[in-house]
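Enquirer: sequence first, predicted coordinates after that:
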Amino acid sequence: MHRSTDDDLADMWEATLNRSLTHEEHVRVARILVLRHGRVSARERLVVGTLRNCIGMGVPARFDKDLTERWADLIADCVESSEADSFPAFASEHPELLRSDLLGPPAWKRSASS
């Protein structure tokens, strides 16, 4: 079986990518983790990995656990109801997931505008 670039991205991200990901890349990683590990484990991995990558990039204050958990749950809901066999098909079924503002801004942006 051929591995997708999304699989490779998820592997690199879990090994601490230490670079900023686009919102779409975050959705791609989350989808792969849900497919591989199921909802609960994927959520835990996304929280741990997001924090680890924020620390690795020197911006730990940008970690928003609540927002990460809400995104993980939403993406898991969508993965569990999807029949898509690729990310483009998944994104076509759930285009709203490509909006980074869908669940509101992260805490660090909300506090910066106060």
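Expert: Nice, I can see it.
Enquirer: identify all contacting residues around stretch 98-110.
Expert: Stretch 98-110 is contacted by residues 23-24, 27, 61-62, 64, 66-67, 70-71, 74, 91, 96 when judged by C-beta atoms under 8 Å, 6 or more residues apart in numbering. Quick note: C-beta positions are derived from backbone N, CA and C, even for glycine.
Enquirer: put the buried members of these into a PyMOL selection.
Expert: Burial among these is assessed by 16 or more other C-beta atoms under 10 Å; the matching PyMOL selection reads:
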select buried, resi 27+62+64+67+71+74+91
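Enquirer: next, format the contacts of stretch 98-110 as CSV and append pLDDT and distance to Thr50.
Expert: Formatted as CSV, those follow (pLDDT from 0 to 100; distance: C-beta to C-beta, whole Å):
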residue, pLDDT, distance to Thr50
His23, 93, 13
Glu24, 95, 15
Val27, 97, 13
Ala61, 92, 13
Arg62, 91, 9
Asp64, 94, 8
Asp66, 96, 12
Leu67, 95, 9
Arg70, 97, 12
Trp71, 97, 9
Leu74, 98, 15
Ala91, 97, 20
Glu96, 97, 20
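Enquirer: need the max-distance pair from the contacts of stretch 98-110.
Expert: Greatest spacing in these, by C-beta to C-beta: Ala61 and Ala91 (29.9 Å).
Enquirer: circling back: which of the contacts of stretch 98-110 lies at the shortest distance from Gly38?
Expert: Nearest to Gly38 among these, with distances taken as C-beta to C-beta, is Leu74, at 15.4 Å.
Enquirer: could you dump the helix or strand where that closest one lies to CSV, C-alpha only?
Expert: Assigned by DSSP states H and E, Leu74 belongs to helix 65-81. What follows is helix 65-81, C-alpha atoms only, in CSV (Å, rounded to 0.1, in the frame of the first residue of the first chain):
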residue,chain,number,x,y,z
LYS,A,65,-5.8,23.4,24.6
ASP,A,66,-9.5,24.1,24.5
LEU,A,67,-9.4,25.1,20.8
THR,A,68,-7.3,22.1,19.9
GLU,A,69,-9.7,19.8,21.6
ARG,A,70,-12.7,21.3,19.9
TRP,A,71,-11.1,21.1,16.5
ALA,A,72,-10.1,17.5,17.2
ASP,A,73,-13.7,16.6,18.1
LEU,A,74,-15.1,18.3,15.1
ILE,A,75,-12.7,16.7,12.7
ALA,A,76,-13.4,13.3,14.3
ASP,A,77,-17.1,13.8,13.9
CYS,A,78,-16.5,14.5,10.2
VAL,A,79,-14.1,11.6,9.7
GLU,A,80,-16.5,9.2,11.4
SER,A,81,-19.4,10.2,9.0
